[in-house]
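A.B. asks: I'd like to go over a predicted model; first the sequence, then the structure.
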Amino acid sequence: MADTYTPLEMLEKLVGFDTVSHRSNLPLIQFVQDYLTSHGVDSTLVPNDDGDKASLYAHIGPMVTGGVILSGHTDVVPVVGQNWSSDPFTVVEKDGKYYGRGTCDMKGFLAIALAHVPHMLAANLKTPIQLALSFDEEVGCEGVIPMVKELAGKMPKAALCIVGEPSMMKAVTGHKGGIGFDNEVTGYEVHSSLAHTGVSAVMTAATLVEWHNHKNAQAVAAQDPDCTFDPPFSTYHVGTIQGGTASNITAKSCTFINDFRLLPNEDSQQAAAEYLAFAAELDAKIKAIRPEAGIKVTQRFDVPGLKPEDDGAAESLVRRLTGDNSINVVSYGTEAGHFQTEQISTVICGPGSIEQAHQADEYITIEQYNRGGVFMRDLISALS
């Protein structure tokens, strides 16, 4: 017998799985696969290398090209250190809102899509719908990359993709790209009174950090006043840094993480090459003082930006269904750029506000959640 859930019941199920990015998402994925199987829908898992996480995709409707992908991530950000007034992994309804980790970002959209699978099956779709659930979006869109490749190679190729990140059900047509690195600086310890004979890993790292300040100043000076992004320029940021032993010892080690948030028309690999070249030049200088010293830079993620499309098919469909004609771009990253890279017209549209994402007592308003349900039913009707 097929399993059926209301959108709220499905949201309660999905939020109940603790899929913080450092944990496995397999229990949630297995639930979704079993649910789809109960409706006669085959699905495919794309596991990670360790086998403790997986993405899932499924095709509903005729096996023809030109379909619509509904994409969302299953992972959520941590709750540790946040002051929640209720259990983060239990949906609580209060004051016209559904509280719980992921209600907004972005299990709400996934729950709406999954709850409507029976409607998709009953609607005699002329244009197919493909479901795409990924892992590790919050730590660099890791899971979506191999899944997008499989979807493009093993399923009838879709024409467009709707990524259900919270956008207040407005069409978001562009977002910045991002690339991030782990940085490990190795110095050579001597007494600070003889600093010229050693290498301070902390001071070397500070030189690398200052490169970011210089790039930010350049970006601000060169900004386009007509750019619709906020801020209207790329940003270069160092998030954490650790190093050093004592005030009178040149630091033996220093580590930090950094990332660049780039306008979608900028090349992340070119930006990376510029930074790596600067690091290599500095590496040679400290090795000339002590050959044991060095700089190691390892790429953590590379998320392509979403470029606004001219007469984009995905944008046109979403605007027709929502009636939204506003111009919206965002500075955060999503998996949307990966679909667009595969020549699939892509737009972001989902219920809820990004302002509630990642917060303690994360919530989605019931009004927004219901609007997401109306959108899903209208989409199914438009494709039938």
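C.D. replies: The structure has been received and is ready for your questions.
A.B. asks: switch to C-alpha atoms for all contacts and neighbour counts from now on
C.D. replies: Fine.
A.B. asks: which elements pack onto the lowest-mean-pLDDT helix or strand in the chain?
C.D. replies: Ranked by mean pLDDT, DSSP states H and E, the weakest helix or strand in the chain is helix 144-154, scoring a mean of 87. With contacts taken as 3 or more CA pairs under 8 Å, 6 or more residues apart in numbering; DSSP states H and E, helix 144-154 sits against strand 54-60, strand 129-134, helix 336-341.
A.B. asks: which one of those lies closest to residue 363?
C.D. replies: Taking CA to CA, strand 129-134 is the member of these nearest to residue 363, at 20.8 Å.
A.B. asks: quick one, the closest one and helix 144-154 angle?
C.D. replies: Going by axes from the mean of the first three to the mean of the last three CA atoms, to 10 degrees, strand 129-134 is angled at 150 degrees with respect to helix 144-154.
A.B. asks: all numbers from here: first residue = 15
C.D. replies: Okay, using 15 as the starting number, the last item reads as strand 143-148.
A.B. asks: what pairs with strand 143-148, and is each one parallel or antiparallel?
C.D. replies: In the sheet, strand 143-148 lines up against strand 68-74 (antiparallel), strand 82-87 (parallel) (DSSP bridges).
A.B. asks: using CSV, lay out the ones you listed together with mean neighbour count, distance to residue 263 and mean pLDDT.
C.D. replies: Formatted as CSV, these follow (neighbours: other CA atoms under 10 Å; distance: least, CA to CA, whole Å; pLDDT from 0 to 100):
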stretch, mean neighbour count, distance to residue 263, mean pLDDT
strand 68-74, 22, 46, 97
strand 82-87, 25, 46, 97
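A.B. asks: these into CSV, with extra columns for distance to residue 240?
C.D. replies: Converted to CSV, the strands paired with strand 143-148 look like this (distance: least, CA to CA, whole Å):
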stretch, distance to residue 240
strand 68-74, 38
strand 82-87, 31
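A.B. asks: quick one, which of the ones you listed is nearest to residue 296?
C.D. replies: Of the strands paired with strand 143-148, nearest to residue 296 by CA to CA is strand 82-87, at 38.8 Å.
A.B. asks: which parts of the stretch 265-398 of the chain are helices?
C.D. replies: 282-303, 327-336, 350-355, 380-396 (DSSP state H, counting those that start in this stretch).
A.B. asks: repeat that for the stretch 65-214 of the chain.
C.D. replies: Under DSSP H, counting those that start in this stretch, the stretch 65-214 of the chain gives helices at 121-129, 131-136, 158-168.
A.B. asks: most packed of the ones you listed?
C.D. replies: helix 121-129 (a mean of 26; mean count of other CA atoms under 10 Å).
A.B. asks: tell me the mean pLDDT over that helix?
C.D. replies: The average pLDDT within helix 121-129 is 98.
A.B. asks: any chance of a markdown table for the helices of the stretch 265-398 of the chain, columns mean neighbour count and distance to residue 364?
C.D. replies: Converted to a markdown table, the helices of the stretch 265-398 of the chain look like this (neighbours: other CA atoms under 10 Å; distance: least, CA to CA, whole Å):
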| stretch | mean neighbour count | distance to residue 364 |
| --- | --- | --- |
| helix 282-303 | 15 | 27 |
| helix 327-336 | 18 | 10 |
| helix 350-355 | 23 | 13 |
| helix 380-396 | 19 | 7 |
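A.B. asks: dump these into CSV; add distance to residue 89 as well.
C.D. replies: CSV is the format used below for these (distance: least, CA to CA, whole Å):
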stretch, distance to residue 89
helix 282-303, 25
helix 327-336, 25
helix 350-355, 16
helix 380-396, 19
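A.B. asks: TSV for the helices of the stretch 65-214 of the chain, including distance to residue 250?
C.D. replies: TSV is the format used below for the helices of the stretch 65-214 of the chain (distance: least, CA to CA, whole Å):
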stretch	distance to residue 250
helix 121-129	30
helix 131-136	42
helix 158-168	24
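A.B. asks: follow-up on the earlier one: export the least confident helix or strand of the chain as CSV, just CAs?
C.D. replies: Extracted C-alpha coordinates of helix 158-168, given in CSV (Å, rounded to 0.1, in the frame of the first residue of the first chain):
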residue,chain,number,x,y,z
VAL,A,158,25.2,17.6,-6.1
ILE,A,159,28.2,17.4,-8.4
PRO,A,160,28.3,13.7,-9.2
MET,A,161,24.5,13.6,-9.1
VAL,A,162,24.1,16.3,-11.8
LYS,A,163,26.5,14.3,-14.0
GLU,A,164,24.5,11.1,-13.6
LEU,A,165,21.2,12.9,-14.2
ALA,A,166,22.5,14.4,-17.4
GLY,A,167,24.0,11.0,-18.6
LYS,A,168,21.5,8.4,-17.4
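A.B. asks: touching that helix from outside, list them.
C.D. replies: The contact list for helix 158-168, computed with CA atoms under 8 Å, 6 or more residues apart in numbering, reads 60, 69-71, 146-149, 151, 171-172, 349, 352-353, 356.
A.B. asks: switch the cut-off to 10 Å
C.D. replies: 58-62, 68-73, 83, 85-87, 144, 146-151, 171-172, 317, 348-350, 352-353, 355-358 (CA atoms under 10 Å, 6 or more residues apart in numbering).
A.B. asks: in this structure residue 21 contacts residue 112, no?
C.D. replies: No - with contacts counted by CA atoms under 10 Å, residue 21 stays clear of residue 112, the gap being 11.9 Å.
A.B. asks: what is in contact with those two at once?
C.D. replies: Going by CA under 10 Å, 6+ apart, residues that sit against residue 21 and also against residue 112 are 122, 383.
A.B. asks: what stretches of the stretch 115-264 of the chain score poorly on pLDDT?
C.D. replies: Counting by pLDDT under 70, not a single residue of the stretch 115-264 of the chain qualifies.
A.B. asks: what segments of it are strands?
C.D. replies: 143-148, 174-177, 188-189, 191-200, 249-257 (DSSP state E, counting those that start in this stretch).
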